[in-house]
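give me the fold of what follows.
(one chain, ligands or ions: 1)
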Amino acid sequence: MNKYLLGGFLLAIMMNLNKSIAAQDQAHFDKFTKVQAIFTAKCVSCHSSEQAPMGLSLEDGFSYRNLVNSASTEDPSLKRIMPNNVSDSYLYRKIIRDQEQLPFKDEGMPLDDEKLSKDEINVIENWIQSFPTNIWGEIAESNSEISPSSDESSEAFLATQLINLPTTRVLGSKTAEFRILHRFAVSNGGGSNTLGSFFGLDNGAITSINLSVGLNKNTDILVRRSGENKDVEVAIKHVPIQQSGNMPLSIGIYAGFNWISRSDVNAKHRFSPNVQLLAGSMITNTFSILAAPTIAFRSNHNARIIKQINDTTFQNYKDSRATFAVGLGAQYQPMKNFALTAEYIPRISGYKGNDFADDRRYDTWSLGLAYKVRLHVFQLLISNSQSIHTTQYIPGSSTKPVPFNKLTTKDPAVHLGFNIYRQFKW
Ligand code: HEC
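Alright, predicted model coming up:
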């Protein structure tokens, strides 16, 4: 063979090789363009600028170098994107949300939003496997038996409270929650006219403002303050047992105390502890139940209780009884972000109203509609109870129900209300 011919032949091979490298590069970057479109739509609302969580900006122009071969902050043994190795790419673990097969820390991504669709996950998976092999090496065996379709969250409850009862859901570390709970006045104005009192909306309401902080993955602490008696409740929620494959229940405890800070309330008991056992279970993907047996100590907060001994003799009376009640609740969650909630809290023993006055307490019940948008939950509710804090709702409501047979002449006596939950993550 003539040496020119040989040279030409080699040149032709090299050009061809170059062309195929260029084609591989091009295909890789085309795939990345589609990935970036997903990041822009679903991730940069949080992952942008200097405040991006863990310094991970996923903005166009930054994402590639922040990801590829860059160690994860949460799990430094893994790269955020490991070229041509899907299952060892930490980002993939965070979006696939399958703790058993591909463990990751903290929350799945996109945080507090629906899992990415199967198609979106495929786009990201295809990109991870498309790194030109001459530069990045061979494609590692992909974990293709992990199906992105297996759907999400093992959380039994949409929010940290069902309506008044705490659920077995905890915030987890690096998370705080701000809650505003609001209960309007009785809907029929205490009489019979709902429209005249505008559903209770323009009368005095009770509001509770709450701050909770997740201490670790099982424990939250909270402090809240309600306008009822200027109460301050401080509590800890600890849920050490979480429902999982062979554990059908989540089990925990909620314990704390309430302090009546208002000086003009001549309350017999300013300080009342309460303890609640929490058991929650997700029965099906859409239905969960909650049981919360509760002891509220010194739960009679009446300012003065006077006991009549005979026609002329009255005596001051101190009621230190505890109330034992069993909170029962259910949640039906037909859609990812939407749930119907119900609670009923029958009292078993203890204080059930002032024995010496016409001041009976009625078992608390409530119904709610909850809607979740990312880190917020909005809940609209009706309840027979205007009280919010544990020590106040456990003994029952003093709002006198209108009996069913009177409903033709009297409007029902309920309270409208809402709960707003807002989480903060860092
Ligand atoms: C609502 C805000 C929010 C959204 C939206 C969001 N993230 Fe995150 N991301 C966070 C926070 C906060 C962290 C750190 C704590 C955690 O993991 O929960 C984080 C952590 C991560 C990590 C771990 C980084 C490391 O170095 O360990 C990855 C990977 C990640 N997110 C990818 C994504 C992807 C991909 C999307 C979009 C599909 C997304 N995130 C959407 C808030 C968000």
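
can you give me the helices in the stretch 201-350 of the chain?
Taking DSSP state H, counting those that start in this stretch to define them, one finds no helices in the stretch 201-350 of the chain.

flag the shaky bits of it, pLDDT-wise.
For the stretch 201-350 of the chain, the stretches with pLDDT under 70 are 265-268, 303-306.

the same query, at a cut-off of 90, please.
By pLDDT under 90, the low-scoring segments of the stretch 201-350 of the chain are 201-205, 217, 227-230, 242-247, 260-271, 285, 298-321, 335-337, 350.

spell out which parts of the stretch 51-200 of the chain neighbour the ligand.
Proximity of the stretch 51-200 of the chain to the ligand is confined to 53-54, 56, 72-74, 80, 90-91, 94-95, 106-107, 109-113, 116 under the rule CB under 6 Å from any ligand atom. Every C-beta, even on glycine, is put in place using the N, C-alpha and C of the backbone.

if any of those residues are buried, put those into a ChimeraX selection.
Restricted to buried positions by 16 or more other CB atoms under 10 Å, the ChimeraX selection for those reads:
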select :53,56,72,80,90,91,94,95,106,109,110,111,112,113,116
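
quick check: domain ranges of the chain?
Structurally, the chain divides into domains by automatic domain parsing as follows: 3-136, 175-425.

show me how far the last one is from its chain's centre.
Just to be clear, that refers to domain 175-425. Mean-position distance between domain 175-425 and its chain equals 18 Å (CA atoms, centre = their mean, to the nearest Å).

what does the first one give?
In terms of CA atoms, centre = their mean, the centre of domain 3-136 is set 30 Å apart from its chain centre.

quick one: average confidence on that domain?
Mean pLDDT, computed over domain 3-136, is 87.

can you start the count at 46 instead of 1 from here on
In the new count, where the first residue is 46, that last one comes out as domain 48-181.

and Lys76, that's in a strand?
No. Under DSSP: H, G, I helix; E, B strand; the rest coil, Lys76 sits outside any strand and is assigned helix.

state the distance from it to Ser162.
17 Å (CB to CB, to the nearest Å).

same drill for these two, tell me which one is more crowded.
Lys76 (19 against 12; other CB atoms under 10 Å).

the more buried one and Asn171 touch, don't they?
Yes. In this structure Lys76 lies within contact range of Asn171 using CB atoms under 8 Å: 5.6 Å.

for the stretch 146-295 of the chain, which segments count as strands?
Taking DSSP state E, counting those that start in this stretch, the strands of the stretch 146-295 of the chain run over residues 220-231, 251-261, 264-271, 276-286, 295-305.

which one, of the ones you listed, ends up nearest to Asn382?
With distances scored as CB to CB, the stretch of the strands of the stretch 146-295 of the chain nearest to Asn382 is strand 220-231 (17.2 Å).
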